[in-house]
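Peer 1: Take this sequence and fold it.
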Amino acid sequence: MTLDELRAAYQRDHGQACAQREQKAERRRAEQARRKEPEPKAPEVGAAEYPRDAIPKTLHARDSEFRACYEAALNGWPELKGRVETKFIIAPDGHVQISAVATSTLAHKDVECCVLNVVDSTRFPPVPNEGIVVVTYPFSFQQSPAP
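Peer 2: Here you go, the predicted structure:
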């Protein structure tokens with residue numbers, strides 16, 4: 001399989017993942033609109049209670065996956081660069097409950113969706129006292145300088 005064929009397959013599969021993500025978000029919004037009572041929420045854990053380096057350390061371990069999201073888009077947009085600020089909630093067991101793009105100067109839906117998919121599949125350390133952690137985390141993307 002050539003590099004172009006690999007990129008095309010990735011973009012096809014990634015496009016399906018983004019569409020599924022949007023459908024899931026729409027179903028969640030519709031379900032929330034149908035509910036009359038708010039869902040009980042876990043207490044939000046303060047920064048002092050959650051290990052300070054846990055979030056960056058866990059996300060940095062997946063840098064190559066975040067970079068792959070960006071590099072897949074460079075084929076069609078060689079000048080693409082920017083920042084994607086994500087917001088997500090870490091559940092008591094360490095999985096990501098929900099994630100979204102808070103702001104973006106990248107303005108490339110496929111990269112933004114891919115970044116959220118990687119965030120969603122990331123496992124963080126468990127949250128103390130059955131709480132949750134609300135996180136805002138930025139990702140900056142630009143081409144590496146040529147050697």
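Peer 1: Spell out the secondary structure type for the residue nearest to residue 141 when sequence neighbours are not counted.
Peer 2: Distances taken as CB to CB, 6 or more residues apart in numbering place residue 70 nearest to residue 141, at 4.3 Å, with adjacent residues excluded. C-beta coordinates here come from the backbone N, C-alpha and C atoms, glycine included. Counting by DSSP: H, G, I helix; E, B strand; the rest coil, the backbone at residue 70 sits in helix.
Peer 1: can you pull the contacts of residue 70?
Peer 2: 80, 111, 141 (CB atoms under 8 Å, 6 or more residues apart in numbering).
Peer 1: Could you identify which of those has the most neighbours?
Peer 2: The residue in these with the most neighbours, by other CB atoms under 10 Å, is residue 111 (26 neighbours).
Peer 1: Check which helix or strand it maps to.
Peer 2: Using DSSP states H and E, residue 111 maps to helix 109-120.
Peer 1: Name the residues that touch that helix?
Peer 2: For helix 109-120, contacts defined as CB under 8 Å, 6+ apart pick out 11, 14-15, 17-18, 21, 59, 62, 65-66, 68-70, 72-73, 80, 84, 86, 88, 96, 99-101, 104, 106, 137, 139, 141.
Peer 1: partner strands of the next helix or strand along the chain from it, parallel or antiparallel?
Peer 2: Following helix 109-120 in sequence order, the next helix or strand is strand 133-141 (DSSP H and E). Strand 133-141 has the following strand partners under DSSP bridges: strand 82-90 (antiparallel).
Peer 1: Could I get the average pLDDT for the strand it pairs with?
Peer 2: The average pLDDT for strand 82-90 rounds to 95.
Peer 1: Quick one: distance of the very next helix or strand once past that strand to the chain centre.
Peer 2: With elements assigned by DSSP H and E, the helix or strand that comes after strand 82-90 is strand 96-104. Distance of strand 96-104 from the chain centroid (CA atoms, centre = their mean, to the nearest Å) equals 6 Å.
Peer 1: Now strand 96-104: buried residues?
Peer 2: 96, 99, 101, 104 (16 or more other CB atoms under 10 Å).
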